[in-house]
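**Q** whatever this is, show me its structure:
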Amino acid sequence: MDGCPPLADREIEENLWRAIRHGAGGKMVDFRAGKEVETRVVFERLLAWTEPARAGLGIDVSLPERNGAERAVAALVDGASLEDVYRAAVGETAATYGRAGDAGERV
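**A** Have a look, this model is predicted:
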(Lines give C-alpha, C1' and ligand atoms only; values in the text may rest on other atoms or scores of the structure.)
Protein backbone atom coordinates (compact mmCIF):
# COMPACT_ATOMS: atom_id res chain seq x y z
CA MET A 1 0.00 0.00 0.00
CA ASP A 2 2.87 2.36 0.67
CA GLY A 3 4.01 4.53 -2.21
CA CYS A 4 1.31 3.40 -4.63
CA PRO A 5 -0.75 5.91 -6.56
CA PRO A 6 -4.37 6.21 -5.43
CA LEU A 7 -6.95 4.05 -7.15
CA ALA A 8 -9.16 5.61 -9.81
CA ASP A 9 -12.72 6.49 -8.82
CA ARG A 10 -14.08 3.69 -11.01
CA GLU A 11 -11.86 1.12 -9.29
CA ILE A 12 -13.08 2.22 -5.87
CA GLU A 13 -16.69 2.12 -7.11
CA GLU A 14 -16.21 -1.44 -8.42
CA ASN A 15 -15.09 -2.70 -5.03
CA LEU A 16 -17.82 -0.72 -3.26
CA TRP A 17 -20.41 -2.39 -5.50
CA ARG A 18 -18.90 -5.80 -4.76
CA ALA A 19 -18.97 -5.10 -1.01
CA ILE A 20 -22.62 -4.05 -1.17
CA ARG A 21 -23.61 -6.99 -3.36
CA HIS A 22 -21.57 -9.80 -1.80
CA GLY A 23 -20.57 -8.60 1.66
CA ALA A 24 -17.57 -9.90 3.55
CA GLY A 25 -18.00 -13.34 1.98
CA GLY A 26 -17.30 -12.04 -1.52
CA LYS A 27 -14.26 -10.95 -3.43
CA MET A 28 -12.76 -7.60 -4.34
CA VAL A 29 -10.40 -6.68 -7.13
CA ASP A 30 -6.79 -5.97 -6.25
CA PHE A 31 -6.23 -3.63 -9.19
CA ARG A 32 -2.50 -3.33 -8.51
CA ALA A 33 -2.02 -7.12 -8.64
CA GLY A 34 -4.64 -7.58 -11.36
CA LYS A 35 -6.57 -10.33 -9.56
CA GLU A 36 -9.56 -11.01 -7.32
CA VAL A 37 -8.95 -11.32 -3.59
CA GLU A 38 -11.22 -12.60 -0.82
CA THR A 39 -12.81 -9.60 0.90
CA ARG A 40 -11.71 -10.90 4.30
CA VAL A 41 -8.10 -10.80 3.06
CA VAL A 42 -8.63 -7.14 2.11
CA PHE A 43 -9.99 -6.48 5.62
CA GLU A 44 -7.01 -8.23 7.22
CA ARG A 45 -4.54 -6.24 5.09
CA LEU A 46 -6.28 -2.99 5.99
CA LEU A 47 -6.23 -3.84 9.69
CA ALA A 48 -2.53 -4.73 9.51
CA TRP A 49 -1.75 -1.50 7.66
CA THR A 50 -3.66 0.66 10.16
CA GLU A 51 -2.51 -1.23 13.28
CA PRO A 52 0.30 1.16 14.28
CA ALA A 53 -2.02 4.19 14.14
CA ARG A 54 -4.86 2.33 15.86
CA ALA A 55 -2.53 1.12 18.60
CA GLY A 56 -1.36 4.68 19.22
CA LEU A 57 -4.97 5.81 19.52
CA GLY A 58 -6.08 2.82 21.59
CA ILE A 59 -8.51 1.60 18.93
CA ASP A 60 -9.11 -2.15 18.91
CA VAL A 61 -10.95 -3.70 15.98
CA SER A 62 -12.17 -7.25 15.68
CA LEU A 63 -13.98 -8.63 12.67
CA PRO A 64 -17.06 -10.75 13.32
CA GLU A 65 -17.14 -14.24 11.86
CA ARG A 66 -20.06 -13.15 9.66
CA ASN A 67 -21.24 -9.66 8.76
CA GLY A 68 -24.80 -8.42 9.26
CA ALA A 69 -25.98 -9.42 5.79
CA GLU A 70 -24.58 -12.92 6.20
CA ARG A 71 -26.25 -13.26 9.60
CA ALA A 72 -29.56 -12.03 8.18
CA VAL A 73 -29.50 -14.50 5.28
CA ALA A 74 -28.66 -17.35 7.65
CA ALA A 75 -31.56 -16.38 9.94
CA LEU A 76 -33.96 -16.29 6.99
CA VAL A 77 -32.74 -19.69 5.81
CA ASP A 78 -33.28 -21.01 9.35
CA GLY A 79 -36.91 -19.88 9.20
CA ALA A 80 -36.91 -16.46 10.85
CA SER A 81 -39.39 -13.94 9.49
CA LEU A 82 -38.20 -10.80 7.75
CA GLU A 83 -39.64 -8.82 10.67
CA ASP A 84 -37.58 -10.89 13.15
CA VAL A 85 -34.42 -10.38 11.11
CA TYR A 86 -35.05 -6.63 10.89
CA ARG A 87 -35.79 -6.41 14.63
CA ALA A 88 -32.56 -8.26 15.43
CA ALA A 89 -30.54 -5.96 13.15
CA VAL A 90 -32.04 -2.84 14.72
CA GLY A 91 -31.38 -4.21 18.21
CA GLU A 92 -27.79 -5.11 17.35
CA THR A 93 -27.16 -1.68 15.85
CA ALA A 94 -28.64 0.08 18.88
CA ALA A 95 -26.57 -2.05 21.25
CA THR A 96 -23.39 -1.48 19.25
CA TYR A 97 -23.70 2.19 18.30
CA GLY A 98 -26.57 3.62 20.30
CA ARG A 99 -26.53 5.32 23.65
CA ALA A 100 -27.35 3.26 26.73
CA GLY A 101 -31.09 2.80 27.03
CA ASP A 102 -31.86 3.52 23.35
CA ALA A 103 -32.20 -0.11 22.28
CA GLY A 104 -35.91 -0.29 23.11
CA GLU A 105 -36.91 3.11 21.79
CA ARG A 106 -38.87 3.39 18.57
CA VAL A 107 -37.93 5.94 15.93
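
**Q** tell me if V29 really is in a helix.
**A** No: secondary structure of V29 (DSSP: H, G, I helix; E, B strand; the rest coil): strand, not part of a helix.

**Q** residue contacts, it?
**A** 11, 14-15, 18, 35-37 (Cβ atoms under 8 Å, 6 or more residues apart in numbering). C-betas here are computed from N, CA, C, even on glycine.

**Q** from those residues, which ones fall inside helices?
**A** Counting by DSSP state H, the part of the contacts of V29 found in helices is 11, 14-15, 18.

**Q** all helices for this protein, in order.
**A** Applying DSSP H to the chain gives helices spanning 9-22, 39-57, 68-77, 82-97.

**Q** most packed of these?
**A** Of all the helices of the chain, helix 68-77 carries the top mean neighbour count, a mean of 14, counting by mean count of other Cβ atoms under 10 Å.

**Q** what average pLDDT does that helix get?
**A** Helix 68-77 shows an average pLDDT of 89 in the prediction.
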